[in-house]
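**Q** Just the structure for this:
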Amino acid sequence: MKRITLIASIALIVVGFAMARVGDALSTVTEIGMVQDSILMPIGAILFILGFLAWVVAIIWYLVSFVRGRLAQEKA
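**A** Modelled structure (predicted):
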């Protein structure tokens, strides 16, 4: 389960970054000089942040289970 979470979080980070870059490339400049961002840009940023948070949770989950395993070995 931890491995799947890590892989999914890395995939979210990659997809979010790519989507934000594509959204940035699709941004247009209006006649008065204002930039209109593509909707892909904030969606990509949200996916990137969610992927990063899932990655952090998976790493903490792995470390906690590792420490619990070590403590269980010492008690046995």
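
**Q** any idea which helix or strand of the chain has the worst average confidence?
**A** Every helix and strand of the chain was ranked by mean pLDDT, DSSP states H and E. The lowest is strand 35-36, at a mean of 72.

**Q** need the contact list for I46.
**A** G16 (CB atoms under 8 Å, 6 or more residues apart in numbering). To be clear about C-beta, it is placed using only N, CA and C from the backbone, and glycine gets the same treatment.

**Q** Now the regular element (helix or strand) spanning it: buried residues?
**A** Secondary structure from DSSP states H and E places I46 in helix 40-75. Within helix 40-75, the residues scored as buried using 16 or more other CB atoms under 10 Å are L40, M41, G44, L47, F48, G51, A54, W55, A58.

**Q** and the spatially most central residue of the chain, how far is that from M19?
**A** The centre of the chain sits closest to G51, judged by CA atoms, centre = their mean, with a distance of 1.7 Å. Remark: distance between G51 and M19 (CB to CB, to the nearest Å) = 11 Å.

**Q** ok so, going back, and the helix holding I46, how far from the chain's centre?
**A** Distance, stretch centre to chain centre, for helix 40-75: 11 Å (CA atoms, centre = their mean, to the nearest Å).
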